[in-house]
Structure formats: C-alpha cells, structure tokens
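A.B. asks: My questions concern the predicted model and sequence given below.
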Amino acid sequence: MAQDDLLTVAERLIDVGRGRPKQAYLRRAVSSVYYAVFHCLARCCADSLIGGKGAERNRDAWLHVYRSLEHGFPARQFKSNRFKTFPPAIQQFGRLFAELQLKRQGADYDPTKTFQTSQVRMDIDFTRKTLAAFRRVDQKDRRAFAAFVLLKLRD
C-alpha cells in the first residue's frame, strides 16, 4: 500500500463538499494518516531485512516481515534510551508514529473525541515532510531501525 496514497485519501476526506467536513470524515482521515506512517515502517522493515523493489527476494518472506510489525511494540521502543541513538530523522519519525497512533486510537475508539480540519491538515503536511526525511536516511540506519522495532531483546 502506497503511503502517499493514504495521505491523499486523508486530504480528500477533509476536502469533501462545502463547509466543515463531518467528524466521520475527519476520523477516517486521522486513521489514514496513521496508517500511512505504519505502512511506511512495515515496508522499511521488509525491504531492509528481505530486500526492496528490484531485489531478488522471496515474496512470502517479504510479506512475513511486513506483516510482523506490531502496532504497540514500536511505540514502546521509542521511549527507550536506545532510540535516542538513531539519527534525528528516525527519531522524528518515531515520535510522529507514537503521536499519530494515539490520535488514531481516539478517532477509532472514542466517540466523544472531536477533530479539527486545520489540525488534521497540519498532521498530513507534517507527515509528508517526515516521511520524505525518513526515506533519505542511510540504509544502514533504516536497517538497524527495522531490527529495533521488530525484535525484542532478551533481559
């Protein structure tokens, strides 16, 4: 799933019709923004460990890694001291992931939560910039990050 397509979906959801969009559209937009970041990370993990487009790779192995990414584990990892050793673009990506995850949970599970169009639009713009910076990070750092968000260390 193309992360940029999910951000485009979010933009279209908040630009529907005249006037202020319904909360249902804003909620779906918030969810789409989070999933753009989630799928970017899942692709990073699969590409880093199995191989990216054009690489000789096993499709089943690639999909196995892609689907292995959990929602909660990365957010917990981003609170550890080891996370601070990654380059700034990766740290920004991790903070965004955790923040958008909380917003998505509110959008999907809290019927009393309301969202503002301007804030959702800012989240979309900031996410685009953060994903672009993340994609420019050296492969060795993205590979280390993939291991960090997928694999649990033994105590």
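C.D. replies: Okay, I see it.
A.B. asks: Quick check: buried residues in stretch 129-143?
C.D. replies: 130-131, 134, 137, 141-142 (16 or more other C-beta atoms under 10 Å). Every C-beta, even on glycine, is put in place using the N, C-alpha and C of the backbone.
A.B. asks: Nearest to Glu11, out of those: which one, please.
C.D. replies: Leu131 (14.2 Å; C-beta to C-beta).
A.B. asks: confidence score at the closest one?
C.D. replies: On pLDDT, Leu131 comes in at 97.
A.B. asks: Distance from the host helix or strand of it to the middle of the chain?
C.D. replies: According to DSSP states H and E, Leu131 maps onto helix 117-135. Mean-position distance between helix 117-135 and its chain equals 11 Å (C-alpha atoms, centre = their mean, to the nearest Å).
A.B. asks: sorry, back to before: in CSV, list the buried residues of stretch 129-143 along with distance to Arg121.
C.D. replies: Formatted as CSV, these follow (distance: C-beta to C-beta, whole Å):
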residue, distance to Arg121
Thr130, 15
Leu131, 16
Phe134, 20
Val137, 26
Asp141, 30
Arg142, 28
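A.B. asks: Tell me how many other residues surround the nearest residue to Val137 once chain neighbours are set aside.
C.D. replies: If the residues on either side of it in the chain are set aside, Val137 comes closest to Ala89, at 5.0 Å by C-beta to C-beta, 6 or more residues apart in numbering. As a burial measure, Ala89 scores 19 neighbours (other C-beta atoms under 10 Å).
A.B. asks: I figured Ala89 was touching Asp138, is that so?
C.D. replies: No: Ala89 is not in contact with Asp138 according to C-beta atoms under 8 Å; the separation is 9.8 Å.
A.B. asks: circling back: quick check: which helices or strands does the helix holding Leu131 pack against?
C.D. replies: helix 3-14, helix 23-49, helix 88-109 (3 or more C-beta pairs under 8 Å, 6 or more residues apart in numbering; DSSP states H and E).
A.B. asks: do you know how far the residue minimising distance to the centre of the chain is from Val16?
C.D. replies: Nearest to the geometric centre of the chain sits Val37, at 1.5 Å (C-alpha atoms, centre = their mean). In this view, Val37 and Val16 are 22 Å apart by C-beta to C-beta, to the nearest Å.
A.B. asks: if we can go back for a sec, I'd like to know which of the helices and strands packed on helix 117-135 lies nearest to Phe115.
C.D. replies: helix 23-49 (4.0 Å).
A.B. asks: For Leu151, find the nearest of the helices and strands packed on helix 117-135.
C.D. replies: helix 23-49 (9.9 Å).
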